[in-house]
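**Q** With the input below, show me the fold.
(chains A and B, ligands or ions: 4)
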Amino acid sequence: MTVLDVHHLTKGFTMHHLGAHMAAFDDISFLLNAGEFLLLKGQNGAGKSTLLRTLYRSYLAQSGEILFHSNHGVIDLARAADIDVTYLRRTEIGFVTQFLTARPRVSAEALVAEPLRLAGRCAEDALDEARHWLNAFGVKPALWAAYPTTFSGGEQQKVNLARTLILPPRLLFLDEPTASLDVNARAALIKRLTELKAQGTAMIGVFHHPGDVATLIDREIDLTPDSATGEDRKDVVI
Amino acid sequence: MMDAPQIVKTQPLLMARNVSKSFGNIAALQDVSATVYPGEVLGIVGESGSGKSTFLRCLNLEEHPDQGSYTLDLPNVQGNLFDLDRYARRMLCATRIGIVYQNPHLGLLMKHSSSGNVAERLLVAGERRFNVLREKARDALDASEFPLDRMDAPPIELSGGMQQRVQLAKAIALEPALLLLDEPTTGLDVSVQALVLDTLKKLQQERKITMVIVSHDLGVIRTLSDRVMVMRRGRVVEEGLADQVFQDPQHAYTQQLVHAKL
Ligand SMILES: Nc1ncnc2c1ncn2[C@@H]1O[C@H](COP(=O)(O)OP(=O)(O)OP(=O)(O)O)[C@@H](O)[C@H]1O
Ligand SMILES: Nc1ncnc2c1ncn2[C@@H]1O[C@H](COP(=O)(O)OP(=O)(O)OP(=O)(O)O)[C@@H](O)[C@H]1O
Ligand SMILES: [Mg+2]
Ligand SMILES: [Mg+2]
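**A** Residues are numbered from 1 along each chain as shown, chains lettered A, B, ... in the order given. Ligands and ions are numbered 1, 2, ... in the order given. So this is what the prediction gives:
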């Protein structure tokens, strides 16, 4: 079952103060099915984060289509109304970055429970499950009711993971999610990703050490410009 | 431009279309349109004199534009609100719209008690029972995290942060459908600013109030807004999801604005 169908996606940045346009990636096409894991490769600056952000609509595509097969029908994320994108981010599309958006006076457990609450789960259940995931990622119980604004980078990342992965999204983007994690948390993450994959979540990820996720990878796209004159890239064009 | 909504079928709460307003030969607003969905927070940024406050005053029906339409999707509220007579306008503002100005003098009677300032809103809406007025005023002040032991002090004797909380309490006393905020934290010192911002965030999360907020402080806009609209010289030059406008600004002016703050 198709989840994402990307056609001729191109992205560059126009920097008005320099009067310059810089290409980030050009004419990318691929198809991603439920339960598939696509690894993005390429040197620093190759455009891996840019591609994920464009798919998530934090960046605007320059041209091309991002056809997402949502539970409500096919929608082109490159052009979808903001309100539809907001809705899909809350219900079907997840993005794990290296940064937690902590909010003042919201406890770690409340932050993690929030997606369940928004999905209509009762407060008590949601909190129970939130604690389960905080525990799974190795956040100390003493911190569960505290505000993550003061947590260490690694602790914040664990909260972030628990929050994003508590509900199985249909489509999940991962941008170096293991960067600040200790060994145990890394193992917990791989375990959760394996579960999600089995449940049908389609994933696109960037990993500093792809060895971590070797067992999950189905396909790769190399974004390095002219990497073997784009042979890798053409491999995945469908 | 983006497609029309395809999944979300909810009607927007607020729709303003092609609002224009000139003061003499100054075109303060030119064809400004905005759409805000229930529970959404729209942030407006832009250089000084770009028309942000004028637009908010139009939305608060204090300013009559030369052209344009404005609708709110609420029970018993129909048609172009700019066409309402003065009485209907006043009732609608008092009961369904709350506003917080940068300058508390615009929103408050500085020498009346703080609780009285909040209760005034309820009086306009027809509440006459003294104990109910006082209780509701107290609740609104409490929700705005105003120190209740000062509720009978006049705003003139209070700090800037507390004055903004009185304005906020007055604005939310009647549980408005729409909350308009014009530079609500500007002029406060940084730590007080953070506290007021924190209160706004909490109100937004707990009450899901639809808000339109104007600020020069991009941090404030980023923290509160779902979507952002960028104004320049009376026009909207760019709008989009907050993360997109801040991370991938398209217009030269927005790029300048965002990069200046990084
Ligand atoms: N918002 C932006 N505005 C302008 N240029 C940008 C923006 N985001 C990314 N870029 C540029 O696009 C190029 C690709 O960057 P990107 O962050 O996608 O690389 P990456 O493959 O993720 O690299 P890394 O491995 O270092 O994380 C870089 O040259 C970067 O400077
Ligand atoms: N009542 C008025 N009479 C005459 N000119 C006015 C009036 N109100 C606003 N203007 C003018 O309209 C333009 C827009 O003003 P407005 O106050 O809306 O700007 P703003 O974006 O809120 O600016 P700031 O960021 O400085 O608050 C300005 O040129 C201003 O001088
Ligand atoms: Mg990157
Ligand atoms: Mg102003």
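**Q** Please count neighbours and contacts with C-alpha atoms only from this point.
**A** Fine.
**Q** So what's the residue count around A:Ser107?
**A** 18 (other C-alpha atoms under 10 Å in any protein chain shown).
**Q** From A:Pro115, how far off is it?
**A** Distance of A:Ser107 to A:Pro115, computed by C-alpha to C-alpha, to the nearest Å: 14 Å.
**Q** What lies in contact with the lengthiest helix in chain A?
**A** Using DSSP state H, we find that the single longest helix of chain A is helix A:183-198. Contact with helix A:183-198 is made by A:35-37, A:136-138, A:158, A:161, A:165, A:168, A:178, A:203, A:212-213, A:216, as judged by C-alpha atoms under 8 Å, 6 or more residues apart in numbering or on different chains.
**Q** In helices, which of those fall?
**A** Using DSSP H, the contacts of helix A:183-198 in helices are A:136, A:158, A:161, A:165.
**Q** close to ligand 1, is stretch A:95-111?
**A** No: residues of stretch A:95-111 contacting ligand 1 under C-alpha under 6 Å from any ligand atom: none, with a closest distance of 10.7 Å.
**Q** buried ones in that stretch?
**A** A:95-98, A:100, A:102-104, A:106-111 (16 or more other C-alpha atoms under 10 Å in any protein chain shown).
**Q** Could you find the closest non-adjacent residue to the spatially most central residue of chain A?
**A** In chain A, the residue lying closest to the centroid (C-alpha atoms, centre = their mean) is A:Phe173, at 2.0 Å. Once flanking residues are discounted, A:Phe173 sits nearest to A:Phe95: 4.6 Å by C-alpha to C-alpha, 6 or more residues apart in numbering or on different chains.
**Q** Mean confidence (pLDDT) on whichever helix or strand that neighbour is part of, please.
**A** Element membership of A:Phe95 [criterion: DSSP states H and E] is strand A:93-96. Per-residue pLDDT over strand A:93-96 has a mean of 94.
**Q** Next SSE downstream of that strand?
**A** Assigned by DSSP H and E, the successor of strand A:93-96 is helix A:108-118.
**Q** can you tell if that next one touches chain B?
**A** No: interface with chain B: helix A:108-118 contributes nothing (C-alpha under 8 Å from any C-alpha of the partner chain), its closest point being 11.0 Å away.
**Q** Give me the residues contacting that helix.
**A** In contact with helix A:108-118 (C-alpha under 8 Å, 6+ apart) are residues A:90, A:102, A:123, A:126-127, A:129-131, A:134, A:143-148, A:159-160, A:162-164, A:166-167.
**Q** Over to stretch A:14-26?
**A** A:8-13, A:46-47, A:50-51, A:223, B:250-252, B:255-256.
**Q** Around chain A, which positions in chain B sit nearby?
**A** B:1-8, B:198, B:227, B:240-241, B:243-244, B:247-248, B:250-252, B:255-256.
**Q** Tell me the buried residues within those residues.
**A** B:7, B:198, B:227, B:240-241, B:243-244, B:247-248, B:250-251, B:255.
**Q** The longest helix along chain B - contacts with which helices or strands?
**A** Determined from DSSP H, the single longest helix within chain B is helix B:190-207. Helices and strands touching helix B:190-207, by 3 or more C-alpha pairs under 8 Å, 6 or more residues apart in numbering or on different chains; DSSP states H and E, are helix B:160-172.
**Q** CA-only coordinates of the helix it packs on in CSV, if you can.
**A** Coordinates of each C-alpha in helix B:160-172 appear next as CSV, following Å, rounded to 0.1, in the frame of the first residue of the first chain:
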residue,chain,number,x,y,z
GLY,B,160,3.3,47.1,33.7
GLY,B,161,3.0,43.3,33.8
MET,B,162,0.1,43.5,36.2
GLN,B,163,-1.7,46.1,34.1
GLN,B,164,-1.4,43.7,31.1
ARG,B,165,-3.0,41.0,33.3
VAL,B,166,-5.9,43.3,34.1
GLN,B,167,-6.4,43.9,30.4
LEU,B,168,-6.2,40.2,29.7
ALA,B,169,-8.7,39.5,32.5
LYS,B,170,-11.1,42.1,31.0
ALA,B,171,-10.6,40.6,27.6
ILE,B,172,-11.4,37.0,28.7
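**Q** Might you calculate how far the longest helix of chain A sits from the centre of the chain?
**A** 14 Å (C-alpha atoms, centre = their mean, to the nearest Å).
**Q** Show me what counts as buried in that helix.
**A** In helix A:183-198, residues buried by neighbour count (16+ other C-alpha under 10 Å) are A:185-190, A:192-194, A:196-197.
**Q** helices and strands of the chain: which one bottoms out on pLDDT?
**A** No chain in the question, so chain A it is. helix A:231-236 (a mean of 40; mean pLDDT, DSSP states H and E).
**Q** that's the other chain; I wanted chain B
**A** Of chain B's SSEs (mean pLDDT, DSSP H and E), minimum confidence goes to helix B:190-207, a mean of 83.
**Q** Give the buried residues for that helix.
**A** For helix B:190-207, burial by neighbour count (16+ other C-alpha under 10 Å) applies to B:192-193, B:196-202, B:204.
**Q** what's the angle from that helix to helix B:160-172?
**A** 20 degrees (axes from the mean of the first three to the mean of the last three C-alpha atoms, to 10 degrees).
**Q** Surely B:Ala16 is in a strand?
**A** Yes: applying DSSP: H, G, I helix; E, B strand; the rest coil, one finds B:Ala16 inside a strand.
**Q** element containing the nearest residue to it once chain neighbours are set aside?
**A** Spatial nearest neighbour of B:Ala16, excluding adjacent residues (C-alpha to C-alpha, 6+ apart): B:Tyr70 at 4.3 Å. Using DSSP H and E, B:Tyr70 sits in strand B:67-72.
**Q** what does that strand rub up against?
**A** Under C-alpha under 8 Å, 6+ apart, the answer for strand B:67-72 is B:13-21, B:31, B:59, B:78-82.
**Q** go with 7 Å
**A** B:13-21, B:79-82 (C-alpha atoms under 7 Å, 6 or more residues apart in numbering or on different chains).
**Q** avg pLDDT for it?
**A** 98.
**Q** Not counting its neighbours along the chain, what's nearest residue 101?
**A** Assuming you mean chain A. Counting by C-alpha to C-alpha, 6+ apart, the residue nearest A:Thr101 is A:Asn160, at 8.0 Å.
**Q** Correction: the question concerned chain B.
**A** B:Asp182 (5.0 Å).
**Q** Repeat that for A:Gly153.
**A** Per C-alpha to C-alpha, 6+ apart, closest to A:Gly153 is A:Ser180, 6.8 Å.
**Q** wait, isn't that neighbour in contact with A:Glu155?
**A** No: the criterion here is C-alpha atoms under 7 Å, and A:Ser180 misses it with A:Glu155 at 8.8 Å.
**Q** Quick check on these two: which one has the bigger neighbour count.
**A** Per other C-alpha under 10 Å, whichever of A:Ser180 and A:Glu155 has more neighbours is A:Glu155, with 24 against 17.
**Q** Quick check: the gap between the more buried one and A:Tyr147.
**A** 11 Å.
**Q** Now do the longest helix of chain B: distance to the chain's middle.
**A** 14 Å.
**Q** Next SSE downstream of it?
**A** Trace forward from helix B:190-207 with DSSP H and E and the next one is strand B:210-214.
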